[in-house]
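Undergrad: quick one: sequence plus predicted model below, questions after.
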Amino acid sequence: MNAFASGQLDLAPRRRGRRSSIGTWRWSDRIVLLGAWAAGLTLCAIAGAIVLYMGVRGIQYLHPSLLVSSPEAALDQSHSGGILDPILGTALLSLIGILIATPLAVCSAVWIAEYGRPRWLGRIMESSIEVIAGTPDIVIAIFGLALFQTQLLAGFSFVSTVGGAGASGGGVFGRSFLAAGSMMSLIAIPPIFAATREGLQALPTHMREAAYALGKTRIATIRRVLLPGVRSNIATGATLGISRIIGDTAIVVLLLGASLRIEPAGSTPGLDVLRGTGSTLTSFVYDNSPAGEGNAPQKAYAAAFLLMLLVLALNATVNLIARAHERRTGQS
Amino acid sequence: MRRLAPDTRGLRSGVAGGLRRRRAPWSDRRAARALGGVSLLIALGIIAMIVFVVRGAWPMISHQGLSWLGSGGDVDRQLENMLGTSGNPPSSAYYFRAWPLIYGTLLTTGFAVLLGLPLAILSSIFIVEFAPPSLRRVTIPVVRLLAAIPSVVYGLIGVLVLVPYVGNHLITAAERTWMQNRVELTGAGLAPAAVILTVMITPIMVALICEALITVPRAWREGAIALGLNPLRATLAVTLRAARPAIAAAVVLATARALGEAVMLSMVSGSRSFTPSLADGRTFLFEPLRTVAAAIIESAEGVGAPALYAAIYSLALLLLFSALALSVAGYLVKLPLRKYQVRA
């Protein structure tokens, strides 16, 4: 987690003495300065335009009734139902993803920051997290497809009974909430890992020394002293992870299937939903855009607006956590 | 600095040690092993990913060698033909030439990085050195917002706003009739794809470059100003120069992001494996294309067909390989950063 993304950018106060007057600058310098201003303002303008446009469309099309009704298959947009199932799908998927990702990421961050021996192994770990961070989500989705089609993991996802295009008739599609959620955890691991490690490295050494002086073992120090100290970092990382999961489309399209409603598979309550298919806000937008099959732009706008609100809220949460942490510890 | 654990090995031996071990359920060594094991899982995941993708792509490689990277024929039709395969298809069913997809990916990525880099450098300079504090407080969250917007939202705006605009106002009727026999110009194509991709990757670069610019010691820049350079010259000559490795790292990261973008490009690029050619002049910008990642997500419905499965996995292998290569490149370009004690 870098300081920029967590909102803790703090610059040394700039001392401005006598301002050098721009009038004395060369023309080429003035043009570059103008370019810098233009670039910064362009970014602001683009963001403003996107938020404004999505806001207008969202308020126009997002009726409260949409939030509580399930999608229906209909040609006419006024009869195609609401977006309740995609919302539930998004929530369920983020829950699964973050529940898997957080322990994995925190454990490896702790191991690398506090143990990290042998050195070469620590370095391999660090680079493997970097590789995950750099792997496109579509490749992760493709990997998940192959992984959950293997016989060993077939039980985790619903088995096609209609045969589909499966080679052996009734082939395993490898699509389910569990499959998509566990692959989602891969894209949530890097931010949680980075935030936790950053936090651990920022903790002053005397905290560790004090704990060791009291006779605590290293693992006890980690559990009782260090982890509580980086709680807000973990929260920041997890929030960023959730916002990544919520915004991801490729994994959902490939691993959750394209059914509009949440369709349980099997008969065990609870497990049936996890093994079943469904949709999320992202896949709903994708399917209902002119590029997809549904072509219901109004519904797509409504869902996309909701999606943006969620992401904005998560961003704001990250800032709040950072600020609360700052206030509590008196440092940034 | 963090290797300060007291050596308790002496204490552990003997009766006291036995009691101690019983009371403390997690000995240090066991904890280290457990935590290390958990993190090993992640590394194993990476290896599994490479193994599974290579295994999926293997039929294609064994039937076609590496010639599937080349050009020849209409790749859209080849993918469609493969959809019909089943059982154990003959070698001829694997005919696949992915060059148009690779070309489309290179084109969109190249355009986006070339457009985005100057924008990112200029706006980073603006944020770090020249923005008045009030404006800086706005710009930083704005950049973070742009980076956080899901790609499908960008895609939706692209396909519902930008594509119709390009189709209705920028493409002339003459161009449409001229291209009629080769491809239909709808507005979806290189221009909207490159523009939106630029907006998507610029914030990533801005974040990294800003971070690096801040870390460069301010005294260096102040020294340059004291020597008579104006603030802009000092920034360009000293701060930006010192941050060059970070800029390279930002380009690498942005390239990786652009290569892997599937959803947005599948929505706005026309999804037609046409190869836009510079010889067409202005029309070049409006010609549709298809990228590797978009082809994967669009063909994924048909993974049941063995030949198509192999084709999709070989495309994924290509992306995975590029991502790994970019990771290595990113590591290499970040090495000189250590000189300035910059963590990036």
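TA: Everything's here; your move. Residues are numbered from 1 along each chain as shown, chains lettered A, B, ... in the order given.
Undergrad: tally of neighbours for the residue of the stretch 101-250 of chain A found nearest chain B?
TA: For the stretch 101-250 of chain A and chain B, the shortest gap (C-beta to the nearest C-beta) falls at A:Pro136, measuring 2.3 Å. For glycine as for every other residue, the C-beta is placed from the backbone atoms N, C-alpha and C. A:Pro136 is flanked by 25 other residues according to other C-beta atoms under 10 Å in any protein chain shown.
Undergrad: one more: A:Ile124?
TA: For A:Ile124, the count of nearby residues is 15 (other C-beta under 10 Å).
Undergrad: isn't B:Ala243 up against B:Ile214?
TA: No - the pair B:Ala243 / B:Ile214 is not scored as a contact, 9.3 Å apart, by C-beta atoms under 8 Å.
Undergrad: more neighbours: these two, which one.
TA: Neighbours per residue, other C-beta under 10 Å: of B:Ala243 and B:Ile214, the larger number sits with B:Ala243, 29 against 20.
Undergrad: on that earlier part again, now the residue of the stretch 101-250 of chain A closest to chain B. Nearest residue, chain neighbours left out?
TA: Once flanking residues are discounted, A:Pro136 sits nearest to B:Gly260: 2.3 Å by C-beta to C-beta, 6 or more residues apart in numbering or on different chains.
Undergrad: residues contacting the one you found?
TA: A:135-139, B:293, B:319, B:323 (C-beta atoms under 8 Å, 6 or more residues apart in numbering or on different chains).
Undergrad: now the two most distant members of those.
TA: Taking C-beta to C-beta, the two most distant members of the contacts of B:Gly260 are A:Thr135 and B:Ala293; they sit 11.7 Å apart.
Undergrad: okay, those two: which has more neighbours?
TA: B:Ala293 (30 against 23).
Undergrad: is it fair to say that one lies in a helix?
TA: Yes - the assignment for B:Ala293 by DSSP: H, G, I helix; E, B strand; the rest coil puts it in a helix.
Undergrad: who's in contact with the nearest residue to it once chain neighbours are set aside?
TA: Of all residues not flanking B:Ala293 in the chain, B:Ala262 sits nearest, at 3.6 Å (C-beta to C-beta, 6+ apart). By C-beta under 8 Å, 6+ apart, B:Ala262 lies in contact with A:136-138, A:249-250, B:291, B:293-294, B:296-297.
Undergrad: pLDDT score for B:Ala262?
TA: Note for B:Ala262: predicted pLDDT of 89.
Undergrad: and residue 193, how many neighbours does it have?
TA: This is for chain A. 30.
Undergrad: nope, chain B
TA: If you count neighbours by other C-beta under 10 Å, B:Ala193 ends up with 31.
Undergrad: wait, it touches B:Glu287, no?
TA: No - in this structure B:Ala193 lies outside contact range of B:Glu287 using C-beta under 8 Å: 10.7 Å.
Undergrad: distance of the most centrally placed residue in chain A relative to B:Ala249?
TA: With distances taken as C-alpha atoms, centre = their mean, the residue of chain A nearest its centroid is A:Arg244 (1.6 Å). A:Arg244 sits 20 Å away from B:Ala249, going by C-beta to C-beta, to the nearest Å.
Undergrad: check A:Gly181 too.
TA: The value you get for A:Gly181 to B:Ala249, if C-beta to C-beta is used, is 31 Å.
Undergrad: one more: B:Arg144?
TA: Per C-beta to C-beta, B:Arg144 is found 19 Å from B:Ala249.
Undergrad: same deal with A:Ala194?
TA: According to C-beta to C-beta, A:Ala194 and B:Ala249 sit 15 Å apart.
Undergrad: tell me the contacts of B:Ile61?
TA: B:68, B:314.
Undergrad: just the closest residue of the stretch 201-344 of chain B to chain A, please.
TA: Residue of the stretch 201-344 of chain B nearest chain A, by C-beta to the nearest C-beta: B:Gly260 (2.3 Å).
Undergrad: now that residue: phi and psi?
TA: phi -90, psi 0 (degrees, to the nearest 10).
Undergrad: also A:Val68?
TA: Residue torsions, per degrees, to the nearest 10, at A:Val68 are phi -110, psi 10.
Undergrad: quick check: it touching A:Gly82?
TA: Yes - using C-beta under 8 Å, A:Val68 is in contact with A:Gly82, at 6.4 Å.
Undergrad: what residues does stretch B:73-86 touch?
TA: Under the criterion C-beta under 8 Å, 6+ apart, residues A:165, A:167, B:93-101, B:272-273, B:290, B:295, B:299, B:302, B:304-308, B:311 lie in contact with stretch B:73-86.
Undergrad: name the residues of it that are buried.
TA: Going by neighbour count (16 or more other C-beta atoms under 10 Å in any protein chain shown), the buried part of stretch B:73-86 is B:75-76, B:78-79, B:81-83, B:85.
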